[in-house]
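> take a look and give me a structure for this.
(2 chains)
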Amino acid sequence: MPPLLEVRDLHTEFRTGAGVVRAVDGISYTVDPGETVAIVGESGSGKSVEALSIMRLIPNPPGRIVSGEVLFDGRDLRKLPEEEMRAVRGRDIGMVFQEPMTSLNPVLTIGRQITETLEQHQGATREDAEKRAIELLEMVGIADSRRRLRQYPHQLSGGMRQRVMIAVALACNPKLIIADEPTTALDVTIQAQILELMKSLTQRLGVAQIIITHNLGVVARYASRVNVMYAGRIVEAGTAEAIYHDPRHPYTVALLKSVPRLDQPRRARLDPVEGSPPDLTKLDGGCAFRPRCRFAVDKCATAYPRLETVGEPGHLAACFRSGEVAAARENTRESAA
Amino acid sequence: MRDQPGTAPLLEVRGLAMHFPITEGMVVSRKVGDVKAVDGIDFSIARGETLGLVGESGCGKTTTGRCILRLEKPTQGQILYDGKDISRLPQKELVGLRRRMQVIFQDPYSSLNPRMKVGDIIAEPIRVHGLEPDPRRRRDKVRDLLSVCGLDPKFADRYPHEMSGGQRQRVGIARALAMDPEFIVCDEAVSALDVSIQAQVVNLLEDLRERYHLTYLFIAHDLSVVRHLCQRVAVMYLGRIVEMAESDELFDNPMHPYTQALLSAVPVPDPRVEAGRQFRPARGEIPSPINPPSGCVFHPRCPMAVDNCRKARPTLREMRPGHWVACSEVK
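Numbering: from 1, shown residues only, chains lettered A, B, ... in the order given. Reported below is the predicted structural model:
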């Protein structure tokens, strides 16, 4: 079965006062139908820009998608006329953003935001659209949906608003949902409710999902495959099992070690990733993680390592020394045992 | 309340309540109700201890911190700092106290004056309180503080916007340390930082606590960080403390149904653990603190609630040594 989405060597850059920032610097990955794929990274890693590039929502200027292909369901989205692209957004690909207060229109009722999508993309009549909107609100767990239709976003709590966003995203039976930090602004018990809702709905309806997040716990709970981003590139990709239990890139290893875990007793000290994230205007031809990396050698300064298969098929890492990384991990495990 | 014998707690909070009035009417304003942000809480912090105060938005954890710092005047209750009740002190008498207790805020972007150089930001409290009148010695002290906080002393001549989020938070910490305080309220002090930077700052806070014998009230919503950094933890819900215990005890044996729901909601960064975990999200949403539910405030969302929970407000009971739970159904 061909993948639903295939991103090939995507490059997006921004012109800033300080120089050109290559926010997305050659990214390739796939999403299969019905699958949940995570893109993990810290601020400035390019994970959100990458998602906006797929949807062609990069503000130009200052931003520009420089090159690459975005094959969705057999078509290259980058080559579509704007008219057709608009039909893809919201109909074939739904979106859920971090802050539902800014992504919902504050002067339209909840009902109107859903019916508008349905009328626009599916040519539904006002009456049919309203009926479907009530169904959708019930589906996302909003009680008393008839009354809620007449309310405005500010009358709803953050969790409710995010449920509405999910209803809008699912309104036209999309094949893919892109969720950019969908629960970061929510409290932890509400976060859990929303993630469970998204998981059960996408499974039931067979919708594929891209979850973009910085939260390694969310990824472990919900994603089947993971792409780890650093400074605009994917540095490691694989199944969640491989990424968490057999990481081969020094950044992935360091990131996993630096998070305090709820299921582990107090430790004397955490093991942070030393140094600061790189200045994206000053990247050279070498590996961007090298100044913070304890495995770095001379070669890392001169060439950028390509993503190559390590271990099992589908597990990729962009590091000249991934073999040493794995060996070092084995050693520390033995000395601990 | 429950400290080692012989050591009086540095801070003791008794029956603390902070109600904000809600008024209506533009010409003649009249009070129509109260937001019960904090509604009767008791706890104490021993010298050198880190107490974690956790809960979701609106639970009153930040207001509690502000009352202790006397940025708010509490409606009710006592705040005993080093044995002296500071809850009613007039502004004038608070000046000396402000030197002894400091605060580190969440957002290093909005808590540093963007028009001041980093060195001046750190020097200002020293100057205002007249701790070091000689400008050269003051400059030396600023440089020391920067390097203690892991920053190059050269940063003194920079502006906050030239620094990353992690570096700015270190400046905020240096400013708090400038007064040689003994007690620091850390209000979501590492929440805005990226994962890789967060661990650096957590370690810094821990090192500073040992080096300067500091006592922390660590207010946070990230339970994993709290488990790591705090010796004891108090869980708040709608203005009340529902559970309080030693850190490892609380996270390994949560007894209050709210704590249990909260802990099960936090995903662990390990797919194998996640696959085997029982997961019960709390139903419903957090009610408004304007008209909080009667009896136990958690009863509308609680899987264990019985009739009595609607009527009687549960008090904290010691279920195991040092482990306090406010739930009448926990046996």
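> next, the spatially closest residue to B:Thr50 that is not a sequence neighbour: secondary structure please.
Nearest residue to B:Thr50, sequence neighbours excluded (CB to CB, 6 or more residues apart in numbering or on different chains): B:Tyr216, at 4.2 Å. Bear in mind the C-beta positions are built from the backbone N, C-alpha and C, glycine included. Here B:Tyr216 is recorded as strand under DSSP: H, G, I helix; E, B strand; the rest coil.
> what's the burial count for B:Tyr216?
Residues within reach of B:Tyr216, counting by other CB atoms under 10 Å in any protein chain shown, total 24.
> same thing with B:Ala8?
12.
> do the same with A:Ala301
13.
> after the host helix or strand of A:Ala301, next one along is what?
Element membership of A:Ala301 [criterion: DSSP states H and E] is helix A:299-302. As assigned by DSSP H and E, the chain's next helix or strand after helix A:299-302 is strand A:308-309.
> which elements pack onto the following helix or strand past that following strand?
On the C-terminal side of strand A:308-309, the closest following helix or strand by DSSP H and E is strand A:316-317. Packing contacts for strand A:316-317, counted by 3 or more CB pairs under 8 Å, 6 or more residues apart in numbering or on different chains; DSSP states H and E, involve strand A:233-239, strand A:308-309.
> could you look up the SS state of the closest residue to B:Ser87 other than its chain neighbours?
Distance criterion CB to CB, 6+ apart; nearest residue to B:Ser87, sequence neighbours excluded, is B:Ile79 at 4.4 Å. Using three-state DSSP, the structure places B:Ile79 in strand.
> at the geometric centre of the chain, which residue sits there?
Using chain A here. A:Ile212 (2.0 Å; CA atoms, centre = their mean).
> looking at chain B here, not the other one
Ranked by distance to the mean C-alpha position of chain B (CA atoms, centre = their mean), the top residue is B:Ile219 at 2.4 Å.
> show me the contacts for that one.
Going by CB atoms under 8 Å, 6 or more residues apart in numbering or on different chains, B:Ile219 touches B:52-54, B:61-62, B:64-65, B:185-188.
> now do A:Ile114
A:129, A:132-133, A:136-137, A:164, A:167-168, A:171.
> could these be laid out in CSV, adding distance to chain B?
As requested, these are exported to CSV (distance: CB to the nearest CB, whole Å):
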residue, distance to chain B
A:Ala129, 28
A:Arg132, 25
A:Ala133, 22
A:Leu136, 20
A:Leu137, 16
A:Val164, 14
A:Ala167, 17
A:Val168, 20
A:Ala171, 23
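> quick one on the thing from earlier: specify the local secondary structure of the residue nearest to the centre of chain A.
strand.
> if we can go back for a sec, secondary structure for the contacts of B:Ile219 - can I get that in CSV?
CSV is the format used below for the contacts of B:Ile219 (three-state DSSP):
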residue, secondary structure
B:Gly52, strand
B:Leu53, strand
B:Val54, strand
B:Lys61, helix
B:Thr62, helix
B:Thr64, helix
B:Gly65, helix
B:Val185, strand
B:Cys186, strand
B:Asp187, strand
B:Glu188, coil
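> related to what we said a few turns ago, next, give me the two most distant ones among the contacts of A:Ile114.
A:Ala129 and A:Val164 (15.0 Å; CB to CB).
> circling back to that earlier point, most neighbours among the contacts of A:Ile114, which one?
Taking other CB under 10 Å as the neighbour criterion, A:Ala133 ranks highest of the contacts of A:Ile114 with 28 neighbours.
> which residues touch it?
A:Ala133 makes contacts with A:111, A:114-115, A:118, A:145, A:149, A:167, A:171, as judged by CB under 8 Å, 6+ apart.
> what's the closest of these to B:Tyr109?
Looking across the contacts of A:Ala133 and measuring by CB to CB, the closest to B:Tyr109 is A:Ala167, at 33.3 Å.
> next, the contact list for the nearest residue to A:Arg163 once chain neighbours are set aside, please.
Among residues not flanking A:Arg163 along the chain, A:Val140 sits closest, at 4.3 Å (CB to CB, 6+ apart). By CB under 8 Å, 6+ apart, A:Val140 lies in contact with A:163-164, A:166-167, A:170, A:197, A:201.
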